[in-house]
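# got a sequence here, can you model it:
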Amino acid sequence: MAKRIIWAREAVADRIQILDYWYKHLGSKEYSSKLDKMFKEVVQLLSHFPFLGRKLGVERGERFFIKDRYQIFYLDEKDLIKILHIWDSRRDPKDFPL
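Okay, here's the model as predicted:
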């Protein structure tokens with residue numbers, strides 16, 4: 001059974017920022033739409049199989065799943081998956097909020 005999905009404000013902001021960047025960079029919504037579809041598909045997959053992602057550390061409950069150049073950080077709770085951040089791995093790691 002799939003777990004319920006909730007998006008943290010930060011993850012929504014990350015997603016909008018990434019999609020907006022590609023829209024402005026390429027001048028077309030086509031690639032942004034493909035990326036958004038990919039994000040939604042990965043999140044659906046994680047709702048069915050929450051242990052696909054790797055743990056951030058032994059003490060931490062957060063996990064991350066890598067798809068192409070993007071890392072999706074999430075928290076697997078009892079009956080839900082909370083999407084914490086979406087990170088483009090080409091960015092400077094010093095800017096990463098976790």
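# residue ranges with poor pLDDT in this structure?
58, 96-98 (pLDDT under 70).
# helices of that one, start to end?
Applying DSSP state H to the chain gives helices spanning 9-26, 30-48.
# can you name the residues that contact residue 74?
43, 46, 50, 53, 62, 63, 64, 65, 81, 82, 83, 84 (Cβ atoms under 8 Å, 6 or more residues apart in numbering). Using the backbone N, CA and C atoms, a C-beta is placed for each residue, glycine as well.
# for it, give its distance to residue 21.
Separation of residue 74 from residue 21 (Cβ to Cβ, to the nearest Å) stands at 22 Å.
# so residue 42 makes contact with residue 67?
Yes: counting by Cβ atoms under 8 Å, residue 42 touches residue 67, with 5.1 Å between them.
# neighbour count winner among those two?
residue 42 (21 against 13; other Cβ atoms under 10 Å).
# measure the more buried one to residue 59 for me?
According to Cβ to Cβ, residue 42 and residue 59 sit 25 Å apart.
# tell me which residue is most central in the protein.
residue 72 (2.9 Å; Cα atoms, centre = their mean).
# and for residue 39, the neighbour number?
Residue 39 - counted by other Cβ under 10 Å - has 20 other residues nearby.
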